[in-house]
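J.: give me coordinates for this.
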Amino acid sequence: MSNARKVVIALGGNALQEPGSPATAEAQLEVVKKTCDYLAEISCRGYEIAIAHGNGPQVGRILLASETAREVTPAMPFDVCGAMSQGYIGYHIQQGLKYALNKRNKNIPVVSLVTQVVVEKNDPAFQNPTKPIGPFYSEEEAKQLMAEKGYVMKEDAGRGWRRVVASPMPRKIVELDSVIRLWDTTIVITVGGGGVPVIEHLDGTFEGVAAVIDKDLAAERLAEDVGADILLILTEVEKVAINFNKPDQKNLDHMTLLEAAQYVDEGQFAPGSMLPKVEAAIRFVRANPSKRAIITSLYKAVEALEGKAGTHVTFN
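T.: The predicted model follows:
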């Protein structure tokens, strides 16, 4: 390994699609190209990077297209839709990042890895699916899907019924050895959308399950496993805040492990938004007391790595 610092970067949804922009592949590619300028700059400053990313809107659209066309062609299972989203988002990042690196005269391969992540069959999340995916249905359609396919369907805020799936904890990255082998020569895009969730059977085979793994927690698992120095979680805001959107909102430059855990206990962070990011940071620092996690915006990523922006989470 070289002496360059190793960074696992978790890209938030705003790095892949701008709010209000058309939900087309062409519009997404334009956003990704801008994102990749920042990623290329990090690489060119001597950091070794791997990239994780979300897939919420994209996998939802793939599932919607599949369900809508089910009278013409069989609908794809949810784990297959997740793998498809990894492929097309990774393809866009490969294009954008390679171009941004070439502009800087840096010739380094970029590759996307369709990644499976093992979850436990008895994870409590499977007993209480909460993550809504796919289109809205009428109550009658929802009951039919529950009867025919065994889906768990829940009414969603008066807007109709939607399928919900579990969000289990990531336990093991199946393709980790490949990521490690590629690390010294290649920028790897991996655990896209949190990885395709799979159950590992006693005979060593894997079976995809209908679930969504949080991408920040999957990035944390990756950062631990590759021995990263920094877990860099990129989101829409420059810093984590307590009392968010209140008159006494306070943006944080730094959190110790103890402070971060205390804020979580106080309910300072919204589930499905800042909470999983802070939880991922806590997990990484707790497992690696000499290392740090940083939560910041894409646009402040370079400065954050230099200690000039973002919220830094450390052991003390």
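
J.: now do the same contact list for residue 306.
T.: Applying CB atoms under 8 Å, 6 or more residues apart in numbering to residue 306 gives no contacts. To be clear about C-beta, it is placed using only N, CA and C from the backbone, and glycine gets the same treatment.

J.: look at it and report its pLDDT.
T.: Per-residue confidence (pLDDT) for residue 306: 95.

J.: low-confidence ranges in this structure?
T.: 1-4, 134 (pLDDT under 70).

J.: checking the residue of it positioned farthest from its centre next. Helix, strand or coil?
T.: Distance to the chain centre peaks in the chain at residue 140, reaching 33.6 Å (criterion: CA atoms, centre = their mean). Using DSSP: H, G, I helix; E, B strand; the rest coil, the structure places residue 140 in helix.

J.: residues touching it, list them.
T.: So residue 140 contacts nothing (CB under 8 Å, 6+ apart).

J.: separation between it and residue 68?
T.: Using CB to CB, to the nearest Å, we find residue 140 at a distance of 18 Å from residue 68.

J.: quick one, what contacts the nearest residue to residue 79 once chain neighbours are set aside?
T.: Closest residue to residue 79 apart from its sequence neighbours, by CB to CB, 6 or more residues apart in numbering: residue 208 at 2.9 Å. Neighbouring residues of residue 208 by CB under 8 Å, 6+ apart: 77-80, 82, 116, 196-198.

J.: mind listing the helices for the stretch 151-300 of the chain?
T.: 176-182, 215-226, 257-265, 274-287 (DSSP state H, counting those that start in this stretch).

J.: compare those helices and give me the one nearest residue 19.
T.: Closest to residue 19 of the helices of the stretch 151-300 of the chain is helix 274-287 (CB to CB; 17.1 Å).

J.: report all helices and strands that the closest one contacts.
T.: Secondary-structure packing of helix 274-287 (3 or more CB pairs under 8 Å, 6 or more residues apart in numbering; DSSP states H and E): helix 215-226, strand 230-235, helix 257-265, strand 292-297, strand 311-314.

J.: on contacts alone, who are the packing partners of the third one?
T.: This means helix 257-265. helix 274-287, strand 311-314.

J.: rerun at 7 Å
T.: With contacts taken as 3 or more CB pairs under 7 Å, 6 or more residues apart in numbering; DSSP states H and E, helix 257-265 sits against helix 274-287.

J.: got it, and the shortest one?
T.: Using 3+ CB pairs under 7 Å, 6+ apart, the elements in contact with strand 311-314 are strand 254-256, helix 274-287, strand 292-297.

J.: kindly recompute the last result at 6 Å.
T.: strand 292-297 (3 or more CB pairs under 6 Å, 6 or more residues apart in numbering; DSSP states H and E).

J.: what residues does the helix or strand that the strand it packs on is followed by touch?
T.: Sequence-wise, the next helix or strand downstream of strand 292-297 (DSSP states H and E) is helix 301-305. With contacts defined as CB atoms under 6 Å, 6 or more residues apart in numbering, helix 301-305 is touched by 38, 41, 234, 294, 296, 309-310.

J.: for the top helix by length along the chain, name the packing helices and strands.
T.: The residue-count maximum for a helix in the chain (DSSP state H) belongs to helix 78-103. Applying 3+ CB pairs under 6 Å, 6+ apart, we find helix 78-103 packed against helix 25-44, helix 56-68, strand 110-112, strand 196-200.
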